[in-house]
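Asker: pasting the sequence and the predicted model now:
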Amino acid sequence: MEKSTRLSRFLNHSFFLSVSFSKDNNIIPFELALSNYSGSAILHSNHARGTNSLLETADSAELYWGDMVKTIDSISVQVETLTNFCDNHSIDRIDILKIDAQGNELNILRGALDMLRRKAIDLIYFEIIVAPTYVNQPQIDEYFSFLYGLGYRVFDLYELYKKNYELLQMDGLFTAR
(Lines give C-alpha, C1' and ligand atoms only; values in the text may rest on other atoms or scores of the structure.)
Protein backbone atom coordinates (compact mmCIF):
# COMPACT_ATOMS: atom_id res chain seq x y z
CA MET A 1 0.00 0.00 0.00
CA GLU A 2 1.41 3.41 -0.93
CA LYS A 3 2.20 5.90 1.84
CA SER A 4 -0.43 8.40 0.58
CA THR A 5 -3.09 5.65 0.68
CA ARG A 6 -2.03 4.63 4.20
CA LEU A 7 -2.15 8.19 5.48
CA SER A 8 -5.51 8.70 3.80
CA ARG A 9 -6.91 5.57 5.49
CA PHE A 10 -5.72 6.77 8.90
CA LEU A 11 -6.99 10.32 8.40
CA ASN A 12 -10.36 9.07 7.16
CA HIS A 13 -10.74 7.05 10.38
CA SER A 14 -9.81 10.10 12.50
CA PHE A 15 -12.17 12.29 10.47
CA PHE A 16 -14.98 9.74 10.90
CA LEU A 17 -14.57 9.85 14.69
CA SER A 18 -14.49 13.65 14.74
CA VAL A 19 -17.64 13.91 12.60
CA SER A 20 -19.45 11.15 14.52
CA PHE A 21 -19.09 12.98 17.82
CA SER A 22 -19.14 16.59 16.59
CA LYS A 23 -22.61 17.28 18.03
CA ASP A 24 -21.83 15.79 21.46
CA ASN A 25 -20.27 18.50 23.62
CA ASN A 26 -19.25 15.90 26.19
CA ILE A 27 -16.85 14.17 23.79
CA ILE A 28 -13.67 15.83 22.61
CA PRO A 29 -11.55 13.66 20.28
CA PHE A 30 -7.76 13.87 20.47
CA GLU A 31 -5.42 12.41 17.87
CA LEU A 32 -2.95 10.73 20.19
CA ALA A 33 -2.14 7.42 21.78
CA LEU A 34 -1.65 6.77 25.49
CA SER A 35 1.29 4.83 26.91
CA ASN A 36 3.94 5.06 29.63
CA TYR A 37 5.97 7.84 27.94
CA SER A 38 5.54 11.04 25.96
CA GLY A 39 6.81 11.30 22.40
CA SER A 40 5.98 9.36 19.28
CA ALA A 41 5.43 5.71 18.41
CA ILE A 42 4.51 3.49 15.51
CA LEU A 43 0.87 2.42 15.36
CA HIS A 44 0.55 -0.94 13.65
CA SER A 45 -2.55 -0.91 11.47
CA ASN A 46 -4.02 -4.37 11.10
CA HIS A 47 -6.56 -5.98 8.80
CA ALA A 48 -9.30 -5.44 11.42
CA ARG A 49 -9.13 -1.86 12.81
CA GLY A 50 -10.08 -3.06 16.27
CA THR A 51 -6.76 -4.93 16.49
CA ASN A 52 -4.52 -1.92 15.72
CA SER A 53 -1.82 -1.59 18.36
CA LEU A 54 1.33 0.20 19.41
CA LEU A 55 2.69 -3.33 19.88
CA GLU A 56 3.76 -5.43 16.91
CA THR A 57 1.64 -8.46 16.10
CA ALA A 58 3.22 -11.69 17.35
CA ASP A 59 4.04 -14.44 14.87
CA SER A 60 1.63 -16.80 16.64
CA ALA A 61 -1.31 -14.35 16.67
CA GLU A 62 -2.95 -15.63 13.50
CA LEU A 63 -3.29 -19.09 15.09
CA TYR A 64 -5.77 -17.56 17.53
CA TRP A 65 -7.31 -14.67 15.61
CA GLY A 66 -6.88 -15.45 11.92
CA ASP A 67 -5.87 -12.71 9.50
CA MET A 68 -7.68 -9.96 11.43
CA VAL A 69 -4.41 -9.26 13.33
CA LYS A 70 -2.25 -9.26 10.22
CA THR A 71 -0.42 -5.93 10.02
CA ILE A 72 -0.96 -4.16 6.72
CA ASP A 73 0.52 -0.76 7.51
CA SER A 74 2.09 1.46 10.15
CA ILE A 75 2.00 5.16 10.94
CA SER A 76 3.79 7.42 13.40
CA VAL A 77 1.51 8.79 16.14
CA GLN A 78 1.87 11.18 19.06
CA VAL A 79 2.04 9.44 22.46
CA GLU A 80 1.28 10.86 25.90
CA THR A 81 0.95 9.53 29.43
CA LEU A 82 -2.47 9.63 31.03
CA THR A 83 -1.06 11.61 33.97
CA ASN A 84 0.39 14.29 31.66
CA PHE A 85 -2.79 14.40 29.58
CA CYS A 86 -4.92 14.90 32.70
CA ASP A 87 -2.53 17.53 34.09
CA ASN A 88 -2.56 19.42 30.79
CA HIS A 89 -6.39 19.39 30.69
CA SER A 90 -7.04 20.09 34.40
CA ILE A 91 -8.54 16.65 35.06
CA ASP A 92 -8.09 15.79 38.76
CA ARG A 93 -10.15 12.60 38.93
CA ILE A 94 -11.46 9.87 36.69
CA ASP A 95 -14.57 8.01 37.79
CA ILE A 96 -14.30 5.19 35.23
CA LEU A 97 -11.25 4.58 33.07
CA LYS A 98 -12.04 2.30 30.10
CA ILE A 99 -9.03 0.97 28.18
CA ASP A 100 -8.95 -1.21 25.09
CA ALA A 101 -5.50 -0.71 23.61
CA GLN A 102 -4.67 -4.14 22.21
CA GLY A 103 -1.95 -5.24 24.62
CA ASN A 104 -0.79 -1.76 25.62
CA GLU A 105 -3.14 -1.47 28.62
CA LEU A 106 -0.43 -2.01 31.24
CA ASN A 107 1.74 0.70 29.67
CA ILE A 108 -1.21 3.09 29.85
CA LEU A 109 -1.70 2.21 33.52
CA ARG A 110 2.02 2.77 34.15
CA GLY A 111 1.60 6.18 32.53
CA ALA A 112 -1.11 6.90 35.11
CA LEU A 113 1.02 5.86 38.09
CA ASP A 114 0.72 9.18 39.94
CA MET A 115 -3.06 9.14 39.60
CA LEU A 116 -3.27 5.50 40.65
CA ARG A 117 -1.12 6.13 43.74
CA ARG A 118 -3.48 8.96 44.73
CA LYS A 119 -6.52 6.74 44.01
CA ALA A 120 -7.65 9.47 41.60
CA ILE A 121 -9.13 6.77 39.37
CA ASP A 122 -12.10 5.00 40.98
CA LEU A 123 -12.81 2.18 38.53
CA ILE A 124 -10.61 0.71 35.79
CA TYR A 125 -12.20 -1.45 33.12
CA PHE A 126 -9.90 -2.93 30.51
CA GLU A 127 -9.31 -5.78 28.11
CA ILE A 128 -6.78 -8.44 29.10
CA ILE A 129 -5.49 -10.44 26.16
CA VAL A 130 -4.34 -13.87 27.31
CA ALA A 131 -3.48 -15.51 23.95
CA PRO A 132 -0.03 -14.58 22.58
CA THR A 133 -1.17 -11.84 20.22
CA TYR A 134 1.32 -8.95 20.43
CA VAL A 135 5.07 -8.79 20.92
CA ASN A 136 5.87 -7.92 24.57
CA GLN A 137 2.23 -7.99 25.65
CA PRO A 138 1.90 -8.34 29.44
CA GLN A 139 1.03 -11.64 31.04
CA ILE A 140 -2.19 -11.77 33.05
CA ASP A 141 -0.38 -11.82 36.42
CA GLU A 142 1.43 -8.56 35.58
CA TYR A 143 -1.87 -6.65 35.52
CA PHE A 144 -2.97 -8.08 38.84
CA SER A 145 0.43 -7.54 40.52
CA PHE A 146 0.66 -3.95 39.29
CA LEU A 147 -2.83 -2.93 40.39
CA TYR A 148 -2.85 -4.91 43.63
CA GLY A 149 0.49 -3.31 44.52
CA LEU A 150 -1.22 0.08 44.26
CA GLY A 151 -4.17 -0.90 46.46
CA TYR A 152 -6.62 -1.79 43.68
CA ARG A 153 -8.43 -5.11 43.57
CA VAL A 154 -10.37 -7.04 41.00
CA PHE A 155 -14.10 -6.47 41.24
CA ASP A 156 -15.14 -8.88 38.49
CA LEU A 157 -14.17 -10.39 35.14
CA TYR A 158 -16.40 -10.09 32.07
CA GLU A 159 -16.61 -11.03 28.41
CA LEU A 160 -14.50 -14.18 28.68
CA TYR A 161 -13.73 -15.10 25.08
CA LYS A 162 -12.69 -18.68 24.44
CA LYS A 163 -11.79 -20.68 21.36
CA ASN A 164 -11.73 -24.48 21.63
CA TYR A 165 -12.15 -24.12 25.42
CA GLU A 166 -9.00 -21.95 25.67
CA LEU A 167 -9.32 -18.47 27.19
CA LEU A 168 -8.07 -15.90 24.67
CA GLN A 169 -9.14 -12.65 26.32
CA MET A 170 -11.39 -11.12 28.94
CA ASP A 171 -12.29 -7.78 30.45
CA GLY A 172 -11.40 -6.92 34.01
CA LEU A 173 -12.97 -4.38 36.35
CA PHE A 174 -10.71 -3.12 39.14
CA THR A 175 -11.63 -0.83 42.00
CA ALA A 176 -9.78 1.28 44.55
CA ARG A 177 -12.58 0.79 47.08
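Answerer: That came in fine, so what should we check first? Numbers count the residues shown, from 1 in each chain.

Asker: residue contacts, the residue nearest to the spatial centre of the chain?
Answerer: For the chain, the residue sitting closest to the mean C-alpha position, by CA atoms, centre = their mean, is Ala101 at 1.6 Å. Shown in contact with Ala101 (CB atoms under 8 Å, 6 or more residues apart in numbering): Ala33, Leu34, Ser53, Leu54, Asn107, Ile108, Phe126, Glu127. (C-beta placed from N, C-alpha, C; glycine too.)

Asker: list just the nearest of the residues you listed to Asp95.
Answerer: Proximity of those to Asp95 (CB to CB) peaks at Phe126, which lies at 14.9 Å.

Asker: the host helix or strand of that closest one pairs with which strands, and in what direction?
Answerer: In this assignment (DSSP states H and E), Phe126 forms part of strand 121-129. When pairing is defined by DSSP bridges, strand 121-129 lines up against strand 94-99 (parallel), strand 166-175 (antiparallel).

Asker: what are the contacting residues of it?
Answerer: Counting by CB under 8 Å, 6+ apart, the neighbours of strand 121-129 from elsewhere in the structure are 93-103, 105, 109, 112, 115, 137, 140, 143, 147, 152, 155, 168-177.

Asker: just the buried members of those?
Answerer: By the neighbour-count criterion of 16 or more other CB atoms under 10 Å, those include these buried positions: 94, 97, 99, 101-103, 105, 109, 112, 115, 137, 143, 147, 152, 168-172, 174-176.

Asker: in a helix, Asn107, correct?
Answerer: Yes - remark: Asn107 belongs to a helix, assigned using DSSP: H, G, I helix; E, B strand; the rest coil.

Asker: okay, now the unreliable bits of the chain?
Answerer: Segments of the chain classed as low confidence (criterion: pLDDT under 70) are 1-19, 21.

Asker: and the strands in it?
Answerer: Counting by DSSP state E, the segments of the chain that form strands are 33-35, 39-46, 71-81, 94-99, 121-129, 153-163, 166-175.

Asker: next, the buried residues of stretch 118-127.
Answerer: Of the residues in stretch 118-127, those scored as buried under the neighbour-count criterion (16+ other CB under 10 Å) are Ala120, Ile121, Leu123, Ile124, Tyr125, Phe126, Glu127.

Asker: tell me who's in contact with the residue nearest to the second one when sequence neighbours are not counted.
Answerer: So the one you mean is Ile121. Closest residue in space to Ile121, ignoring its immediate chain neighbours: Ile94 at 4.6 Å, by CB to CB, 6 or more residues apart in numbering. When contacts are counted by CB under 8 Å, 6+ apart, Ile94 touches Cys86, Met115, Ala120, Ile121, Asp122.
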